[in-house]
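A.B. asks: coordinates only, no sequence provided:
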């Protein structure tokens, strides 16, 4: 086996969030730990939505439940609250008494019931546990749906998947993996990264002889853009998808991360039902949620779910069958998801501390969202839409011509060179816009707002210093 | 999206271990819980290697470590032993302080180091942590390697993967999923399910114009066959693979489940190095291990690893890149794997209790292996090779002609009908041989040996009664 004979789709796949800049950051960390002297004494990781790695503390209640379910003797002590014990016990009773069992391929039944109830409360619409499956993070669920949609055909019969640009690279990576034709559509940066129907129509028109368009991906709140979509936009997008017979993949993993004043999260499902008529009973929608984001940030536990709306029964059965060969997702990931959708209630002993921890995380993120937007926009040649959701900013930077030329002469994307120099000189790790996609000739990077407020201030100071010297260097 | 337009490879995929018989068992359980009267008052699940679901208790030390790492306050108490705290602390220190972080795509470094050390001790050969990646159970790792090998080409250029018959259906399911051409080779039932090189050559010859053979799967100890391969067999298989330039996938997840007297487990890697010469530095081998089997049976935690031997550096990089889009496997699954490869040492406080629990599980499995072999062979028309490894028996049954005709008139495989009737009448759930593959015209089923000794005795009594009445009914 050599690179010439392996699966060419694997070779094609790229995933910038873990690309060369991040590998260089790892090397720098090793150098520092071996005593190498730098201007900075640690790498500040603003490259990935890895909340706990950035210092965010786990929500105590989640860990209490996990702990009680893992080692049931804990339930005989006062180390965990009664409501945590209750959830652990209920989970164990429903799955055979141990977190070491295989669950059904779609996940433990009570968890799927709790997810359904959570969705019902969120949307004020009924939800059916049979239409929900649990997964190792949202990523696994996204991959399963895209695999189902991608027929593997070639030429003009390739399955087309519409993906926003900029996008979270899971989508481009998975399309490469399953040989789907990716139909890029640009988000409108000048209009708060909104989706424009004209842009969607244009993108679809352009690919007519290249594929059979089958699906449309939307990320709301946006990654890497950090924007919350309006209900009007969602409604228009759904109508567009219905008109063109596209399955909608709604990546809604940041549904708890909303910083826009006076606006709450509106799900694609809620918007779909509000349109009413045939679209609401016919449009096929898959919505994804995760334990890794929100206020919990439990990335390493790999919990996630997907709700299928209007999927034909037989298609659903094919999907569930395909999940069965991997047996089930992590039981502790499933249990984490259960706590997220069924948090302590006002009468329960953990309620107050849970709510305090939750609001404290979300309040701090909100402050950092404002701080980041403001600081970025104060830099010469930077423009950044306000962060109204998710955990990222995606500022646009005007780079000097000379920098662009030098980068190209080195075979680098100019924003890649910018991010690499920022890392080398200040230890700040961000991901170049080229990893997410951008309008040709524009340059961006994605920066997370996860480090502590103090660190975010430091990052902004570093960035200012760096940017000034970068401009001086390449002018 | 309809079944006509989805990925046809997903439609083709089958996974019998979770097929219609198991779904019927679930229905029966519901009927019983709703008060329906049957000859039996519970379903005895002998269909899946789900240890804890069959009543096996978790190994305390594993759970202590998980618990301490999940809720670090536990480390301030006496609820867990010091050696458990030490492992939890070391893991957390190496991954950023929380089991909620993303690890590197290939897994936490100290775990990969511990895996390497475990392999070194097992094989008395060096192992490199860089050649090891952690996965959500062994299944995910197997799928990654098969995906890498399957080029997705059609016609005579399809990637061919040699798979034993009978086989664990993960392999046939994954080959269907990635459109690989499966080259069946029969195990020699009359010779303790041994691999015969003549059979391998014959299978390869037959498919010459149908595919490009690229890989060979071997399961040792065998699933569903329950047999341990001899070192001679392994050596010959490796030579065969080298001759035909095949990557070897060694499914060694049952390496702790050995019941053969006077024989220990010999890994494919050990056997490869013992051949020496060019084959030992050139043959590409991937070996899989899991937390779900052995004495631990932690299926739900989804821990596993794969060691790559002689993989070219660039191919390995492509594989690792493809893992990065799913970010990482479950951190608690990784930690479980860490405990399995780094169990308590003789001087540590948990050593005695750990060893007692471990031997007790393995000793009981050994007794059940003997009991099952003996009981099955005492039934008229049954023949069963001795269970020398893994957790299964795969007895052959002579079915009456009339039963075969009636099954066929119902559109069923005769062994499927046999297993269905066994389930309906006695509540014993086993999987028909047709789900694993078998020589045409022969009939088998797979039965696990996981229920308690009392239950296994009951299962054997039920089976005797059922079989006698089945023979009477169809004679």
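C.D. replies: That came through fine. None of the values given here were measured: they were computed from a predicted structure.

A.B. asks: now do the strands in the stretch 51-200 of chain A.
C.D. replies: Secondary structure of the stretch 51-200 of chain A by DSSP state E, counting those that start in this stretch: the strands cover A:132-135, A:159-165, A:181-186.

A.B. asks: out of those strands, which is the most enclosed?
C.D. replies: strand A:132-135 (a mean of 27; mean count of other Cβ atoms under 10 Å in any protein chain shown). In short, each C-beta sits where N, CA and C put it, glycine included.

A.B. asks: contacts made by it with the rest, please.
C.D. replies: The contact list for strand A:132-135 (Cβ atoms under 8 Å, 6 or more residues apart in numbering or on different chains) reads A:103, A:105-108, A:111-112, A:115-116, A:119, A:141, A:144, A:303-308, A:319-320, A:323, A:328-329, A:333-334, A:337.

A.B. asks: residue A:438 belongs to a helix?
C.D. replies: No - checked against DSSP: H, G, I helix; E, B strand; the rest coil, residue A:438 lies outside a helix; its state is coil.

A.B. asks: which residues touch it?
C.D. replies: A:165, A:166, A:444.

A.B. asks: what bridges to the last one?
C.D. replies: It stands for residue A:444. Beta-bridge partners recorded for residue A:444 (DSSP bridges): residue A:396.

A.B. asks: okay, it: pLDDT?
C.D. replies: Looking at residue A:444, its pLDDT reads 97.

A.B. asks: that one contacts residue A:415, doesn't it?
C.D. replies: Yes - here residue A:444 reaches residue A:415: they are 6.3 Å apart, a contact under Cβ atoms under 8 Å.

A.B. asks: if we can go back for a sec, can you tell me which of the contacts of residue A:438 is nearest chain B?
C.D. replies: residue A:166 (16.6 Å; Cβ to the nearest Cβ).

A.B. asks: could you report the distance from the closest residue to the closest one other than its chain neighbours to chain B?
C.D. replies: Nearest non-adjacent residue to residue A:166, counting by Cβ to Cβ, 6 or more residues apart in numbering or on different chains: residue A:436, 3.7 Å away. Here the distance between residue A:436 and chain B works out to 14 Å (Cβ to the nearest Cβ, to the nearest Å).

A.B. asks: that older thread, list residues touching both of residue A:444 and residue A:415?
C.D. replies: A:397, A:432, A:433.

A.B. asks: what's the closest of those residues to chain B?
C.D. replies: residue A:432 (16.3 Å).

A.B. asks: where does that closest one fall, phi/psi-wise?
C.D. replies: phi -60, psi 150 (degrees, to the nearest 10).

A.B. asks: just the one 3 residues further on next, same as before
C.D. replies: Dihedral angles of residue A:435 (phi, psi; degrees, to the nearest 10) stand at phi -70, psi -20.

A.B. asks: count of neighbours near the nearest residue to it once chain neighbours are set aside?
C.D. replies: Spatial nearest neighbour of residue A:435, excluding adjacent residues (Cβ to Cβ, 6+ apart): residue A:16 at 2.4 Å. Residues near residue A:16, counting by other Cβ atoms under 10 Å in any protein chain shown, number 24.

A.B. asks: do the same with residue A:359
C.D. replies: As a measure of burial, residue A:359 has 12 neighbours, counting by other Cβ under 10 Å.

A.B. asks: residue A:463 too?
C.D. replies: 24.

A.B. asks: for residue B:190, see how far away it is.
C.D. replies: Residue A:463 is 73 Å from residue B:190, where distance means Cβ to Cβ, to the nearest Å.

A.B. asks: please apply the same query to residue A:71.
C.D. replies: 48 Å.

A.B. asks: same question, residue A:138
C.D. replies: 50 Å.

A.B. asks: please identify which of those two sits among more neighbours.
C.D. replies: More neighbours surround residue A:138 than the other of residue A:138 and residue B:190, with 24 against 9 (other Cβ under 10 Å).

A.B. asks: give the contact list for the more buried one.
C.D. replies: By Cβ under 8 Å, 6+ apart, the contact list for residue A:138 reads A:251, A:253, A:288, A:289, A:290, A:292, A:304, A:305, A:306.
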